[in-house]
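> Build me a model:
(2 chains)
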2 protein chains.
Amino acid sequence: MTSYKAPVEEVLFLLNDVFQIERYNNLPGFTDATPDLVETIVSEAGKFCEEVLQPLNAIGDREGCIRNKDGTVQTPPGFIEAYRAFVDGGWVGLAADPAFGGQGLPYTLAAIINEFASSANMAFAMYPGLSQGAIAAILAHGSEEQRQIFAPKLIGGQWSGTMNLTEPHCGTDLGLLKTKARPNEDGSYSITGQKIFISAGEHDLTENIIHLVLARIDGAPAGIKGISLFVVPKFLVAPDGSLGPRNEVACGAIEHKMGIHGNATCVMNYDGAKGWLIGEPHRGLNAMFTMMNEARLGVAIQGLAQSEAAYQNAVTYARERLQGRALNGAMNPDKPADPIIVHPDVRRNLMTIRAFNEAARALVLWTALKSDVANRSQDSAAIQAAADHLGLLTPVLKGVLTDTGFENTVRAQQIFGGHGYIAEWGMEQFVRDARIAMIYEGANGIQALDLVGRKLPKDNGRAMKSFLGEVHNFIKDHEASEALRVYLEPLKQGAEYLRKATFWFLENAVAKPENAGAGASDYMHLFGLVALGFMWAKIARTALEKKAAGTGNAASMDARLITGKYFMEQIMPQAQAHLARITAGAETMMALPADMF
Amino acid sequence: MTSYKAPVEEVLFLLNDVFQIERYNNLPGFTDATPDLVETIVSEAGKFCEEVLQPLNAIGDREGCIRNKDGTVQTPPGFIEAYRAFVDGGWVGLAADPAFGGQGLPYTLAAIINEFASSANMAFAMYPGLSQGAIAAILAHGSEEQRQIFAPKLIGGQWSGTMNLTEPHCGTDLGLLKTKARPNEDGSYSITGQKIFISAGEHDLTENIIHLVLARIDGAPAGIKGISLFVVPKFLVAPDGSLGPRNEVACGAIEHKMGIHGNATCVMNYDGAKGWLIGEPHRGLNAMFTMMNEARLGVAIQGLAQSEAAYQNAVTYARERLQGRALNGAMNPDKPADPIIVHPDVRRNLMTIRAFNEAARALVLWTALKSDVANRSQDSAAIQAAADHLGLLTPVLKGVLTDTGFENTVRAQQIFGGHGYIAEWGMEQFVRDARIAMIYEGANGIQALDLVGRKLPKDNGRAMKSFLGEVHNFIKDHEASEALRVYLEPLKQGAEYLRKATFWFLENAVAKPENAGAGASDYMHLFGLVALGFMWAKIARTALEKKAAGTGNAASMDARLITGKYFMEQIMPQAQAHLARITAGAETMMALPADMF
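Residues are numbered from 1 along each chain as shown, chains lettered A, B, ... in the order given. Prediction:
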């Protein structure tokens, strides 16, 4: 019953007008990405997601994945064909290294397509999505032989990848993991142990599945400094790339989950499976971390994607559902009632989602462009600045976009009244699917700790100073603009609260780290408000410029100006509450003895 | 995998110490409710819910209800036996009029038992829960004959009741409803139409089901002033109370829902079913409204109940799951990791839920006591004051307790990490079940409008003045107390924001009602913060008194004082953000043309 239209116009406005992608023409892959090509790619991707992936979303939820008695797993009806079409479209390797068969286009474009695909069908999009992590790890840390064997097939989509971290007794604290790797005489390892929550762990979409597995080599040190990364293919691969016998790794069960039923979340049993070390021994977590930023950005995008899909359907319903009368007098006097979009409370929910979606998309693209700079530039100062941004903003995006994205699916569902609770309307699926993004790839509490404990103090706070400086400079550069004042004043206030919170941590959390832990989540959300508010300021500036120049659609520029103003009036006021909570500190929070809960 | 322990000690503390239930001894039913009897009833109810209802909660979710081809509906395995035990325990008619077989005990006790039952098994608790509305409507508005026929069997639990309001094209706006009632020659009516979302519409728990149905008598005026209320039994009832033939009402389908799978949500088709008018013609909505307060309070309790159940399981997990180390140094140096309850972010979630649950329970009991006064007192001034409170607070409780209750189930789920997303752990069921309480019995946006548009201005704001006056007097009475200051200062600030918001509506919403609609939801939540904060102030006063007197468990008094302080530090700061949003007004919210969304 749901539908989806990819926000192509919005994306092009952000890429071309707000972030001026042509300024990145010096980077590999960007020169080829002419405005025409970008428009074609984004439009084609949108169409594919609307027409091929979206119709399978409800089916995937309803039918789920089935594990057969022999351990094979069937994906929902239609997924095989859709995956083939996705591969044939070249979407898997869009941004991958051309030396291994990729198209080498900007990662930023891949991020856009990830949004569209996740809006249309999040459970499906995870299959090719997980291959990205495997590709990144193998290219960054694998031997030349490993790259040649695995990367082209992963990039081409004939094979897919997985990430095997979690075990029954450890998720967040990977230092506890028990899976063992015993060296074989041929240089390979024999991997034994159980991994859980393995997305796309087993399925029928690809010829082979390449598992990246964290395990402990016999005799390795305890804790996280004894963990190594291995590549463990489902089918062993001969040096010529042909498939050999089945490896000793199998799906023991599929989890019954709240949502993303179309993706097979597997218990994976390794029973002496052959694996090969990637990178150095005991440095597995390090290898994992190099692909963390993009993987976490991918999850952030899922939060936005579900928020967008839910929003679109809520708008349609709010325009069509007739119920009650506008407070200012009937809008449809000839009909029995007015559409519910006339009611302020319905508007409030729609505007709140909209004010998030547009800014969140801008934040994703801004950050994706930084990722492209960090990974492709030759200029070391530019690389450092981009890497600083990426490191600092990634936990904010992951935490804030998935928390808020989930809340927004709940808001959108609420607009449907009772119908929102009924499966056939499709709104409750958005809620159930969106929920996982707050949990996986590092639960959001962990993102907040990563931000406050690691990213903030790194290099004496260089990244944070640079971020606040950029916001400050933008405000200063535009302080003469009367039209921008309604955006810049609240942004300035929000940035000031963020600065105060940062200093509060400096003064209070060094001696008492619990003060940082207690305020971390509020700090992350305060940061998110400022970052999203900054995006609105940028969007508003561009919209005003385009209006003044008479370019672009005036009505849609006005819509942006209104939505940004709504953000400042209705969403930014939250900033002060976050600051108040942070500065209340940890004492009361930690005061209750554990047995008194 | 979940468990539940009824919070008996907490309830007794609130009833006996905070609200001093013995002060209500002049009311019918309260004299019998001696402290010993109350303790016995509350403990027995708790035990029953823990042992009989809770073990069926996951089964009900997994198995759901089944509609057979003949239109009959099977409830999940075990529900028939549990319902029988519930009836045999006398729980259905606990607070009902003794003249019709009830026990006549305080409604307040029934509210407590409703919380326990809803925590243990919300889908189950709805079956007897819905009978309460039918009992109330028939006793308040039915003829003597109707009361004699229907009330004793409903009160005894042999029959159950339903509420039939919603139709496919109308939920909130009941003026649009189409179901028809044609007068028969024998004084009955012939009812034809379709009702949807009928909870417990058809099932196998009782001999008969008594449907209360809103319909329009032929020739009735359009809109809500042409709606009448009918009683339509599934099986016709002979004057001697024996069951006659099947009536022409049938379950056409069961909805597939996000949650509460154990309750049969039915499409009910009326095809010339025999019904009897309850009360006056065209005054059906009025009759419905008389039972609205208790029904909405019942839903508010569901929000608290799910929050409590989810909290308890999250506490257990947080105490047992070993992951990471405490920031202040290992707590369990001999184990591989510390329990996650040592981590501030886990505490933050637990404390946030806890700080809500205890105050929400107090607010429910305080309001339930007012309901008892309003319905049972002989003192007209007391009745008026209690009815004012009940009318004003009911939408606040419904909206705030269900919104926050749902949020808290999400928080509790988050503590489980990936396990929270897996069905067998049971946490995601709490989220799915809790979600409906925000929607039914008037979606929360409607509660906010009821509060701001109807309850606030009624009688020149008498109820609101009285509420704010009571808070003010409490603060003034205790301003000398140093120990209470940490509770009273934030409460005073919150009440001041609430007063400001109220005045802002007075000044800005009379001429522009959209300003009220735009701020209604924030106003409701601001009100909720003040009301919950007031409960904490009362609890803290009592806890301090008992500590000073050396009565009661000192550790549990301290736990209350800490939790209340946490509420003031971490939750009350939200008040200012609500005020900022309210005073931003409707203009920007309403500015976007409907076709630009």
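> Enumerate every residue touching A:Gly564.
Each residue near A:Gly564 by C-beta atoms under 8 Å, 6 or more residues apart in numbering or on different chains is listed here: A:Ala355, A:Glu358, A:Ala359, A:Tyr487, A:Trp536, A:Ala537, A:Ile539, A:Ala540, A:Ala543. Using the backbone N, CA and C atoms, a C-beta is placed for each residue, glycine as well.
> try 6 Å
A:Gly564 sits next to A:Tyr487, A:Trp536, A:Ile539, A:Ala540 when contact means C-beta atoms under 6 Å, 6 or more residues apart in numbering or on different chains.
> Which pair of those residues spans the longest distance?
A:Tyr487 and A:Ile539 (8.8 Å; C-beta to C-beta).
> how about stretch A:527-541 against chain B, any contact?
No. For stretch A:527-541, no contact with chain B is found by C-beta under 6 Å from any C-beta of the partner chain; the gap never falls below 10.9 Å.
> Other residues contacting that stretch?
With contact meaning C-beta under 6 Å, 6+ apart, stretch A:527-541 is reached by A:18, A:359, A:362-363, A:396, A:400, A:471, A:487, A:491, A:494-495, A:498, A:560-561, A:564, A:567, A:572, A:575.
> coming back round to it: want to throw the contacts of A:Gly564 into JSON lines with neighbour count, pLDDT and secondary structure?
Formatted as JSON lines, these follow (neighbours: other C-beta atoms under 10 Å in any protein chain shown; pLDDT from 0 to 100; DSSP: H, G, I helix; E, B strand; the rest coil):
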{"residue": "A:Tyr487", "neighbour count": "27", "pLDDT": "98", "secondary structure": "helix"}
{"residue": "A:Trp536", "neighbour count": "27", "pLDDT": "98", "secondary structure": "helix"}
{"residue": "A:Ile539", "neighbour count": "26", "pLDDT": "98", "secondary structure": "helix"}
{"residue": "A:Ala540", "neighbour count": "27", "pLDDT": "98", "secondary structure": "helix"}
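> and of those residues, the nearest to B:Gly324?
Of all the contacts of A:Gly564, B:Gly324 sits closest to A:Trp536, with 36.6 Å by C-beta to C-beta.
> Not counting sequence-adjacent ones, nearest residue to the closest one?
A:Gly564 (3.9 Å; C-beta to C-beta, 6 or more residues apart in numbering or on different chains).
> Can you report phi and psi for the one you found?
In this entry, A:Gly564 is assigned phi and psi values of phi -70, psi -40 (degrees, to the nearest 10).
> Output the contacting helices and strands for the helix-or-strand element of chain A with minimal mean pLDDT.
Least confident helix or strand of chain A, by mean pLDDT, DSSP states H and E, is helix A:284-290 with a mean of 85. Judged by 3 or more C-beta pairs under 6 Å, 6 or more residues apart in numbering or on different chains; DSSP states H and E, the packing partners of helix A:284-290 are helix A:107-141, strand A:228-233.
> Would you mind giving these as TSV with mean neighbour count, distance to B:Leu229 and mean pLDDT added?
TSV is the format used below for those (neighbours: other C-beta atoms under 10 Å in any protein chain shown; distance: least, C-beta to C-beta, whole Å; pLDDT from 0 to 100):
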stretch	mean neighbour count	distance to B:Leu229	mean pLDDT
helix A:107-141	26	45	97
strand A:228-233	25	67	98
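> Quick one, which of these gets closest to chain B.
Closest to chain B of the helices and strands packed on helix A:284-290, according to C-beta to the nearest C-beta: helix A:107-141, at 13.0 Å.
> Point out the residues in the stretch 301-450 of chain A that sit beside chain B.
A:315, A:323-324, A:327, A:336-337, A:341, A:344-345, A:347-348, A:350-351, A:417-418, A:421-423, A:428, A:436, A:439, A:443, A:445.
> Touching, A:Ala559 and B:Ala594? I think so.
No. Applying C-beta atoms under 6 Å as the test, A:Ala559 and B:Ala594 come out as separate, 11.4 Å apart.
> show me where the stretch 151-300 of chain A has strands.
Assigned by DSSP state E, counting those that start in this stretch, the stretch 151-300 of chain A shows strands spanning A:159-164, A:180-183, A:189-199, A:208-217, A:228-233, A:235-237, A:243-246, A:249-254, A:265-278.
> could you dump those strands to a markdown table with distance to A:Glu514?
A markdown table is the format used below for those (distance: least, C-beta to C-beta, whole Å):
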| stretch | distance to A:Glu514 |
| --- | --- |
| strand A:159-164 | 31 |
| strand A:180-183 | 35 |
| strand A:189-199 | 29 |
| strand A:208-217 | 29 |
| strand A:228-233 | 33 |
| strand A:235-237 | 49 |
| strand A:243-246 | 50 |
| strand A:249-254 | 39 |
| strand A:265-278 | 34 |
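> Minimum distance to chain B: which of those strands has it?
For the strands of the stretch 151-300 of chain A, proximity to chain B was assessed by C-beta to the nearest C-beta; strand A:189-199 is nearest, at 4.6 Å.
> Let's see that closest one as CSV, backbone CA atoms only.
What follows is strand A:189-199, C-alpha atoms only, in CSV (Å, rounded to 0.1, in the frame of the first residue of the first chain):
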residue,chain,number,x,y,z
TYR,A,189,43.8,-20.7,9.4
SER,A,190,41.2,-23.0,10.7
ILE,A,191,38.3,-20.9,12.2
THR,A,192,36.0,-22.3,14.8
GLY,A,193,33.3,-20.5,16.7
GLN,A,194,29.9,-19.0,16.6
LYS,A,195,28.9,-15.6,15.3
ILE,A,196,25.4,-14.1,15.7
PHE,A,197,23.4,-11.3,14.1
ILE,A,198,25.2,-11.8,10.8
SER,A,199,23.2,-9.8,8.2
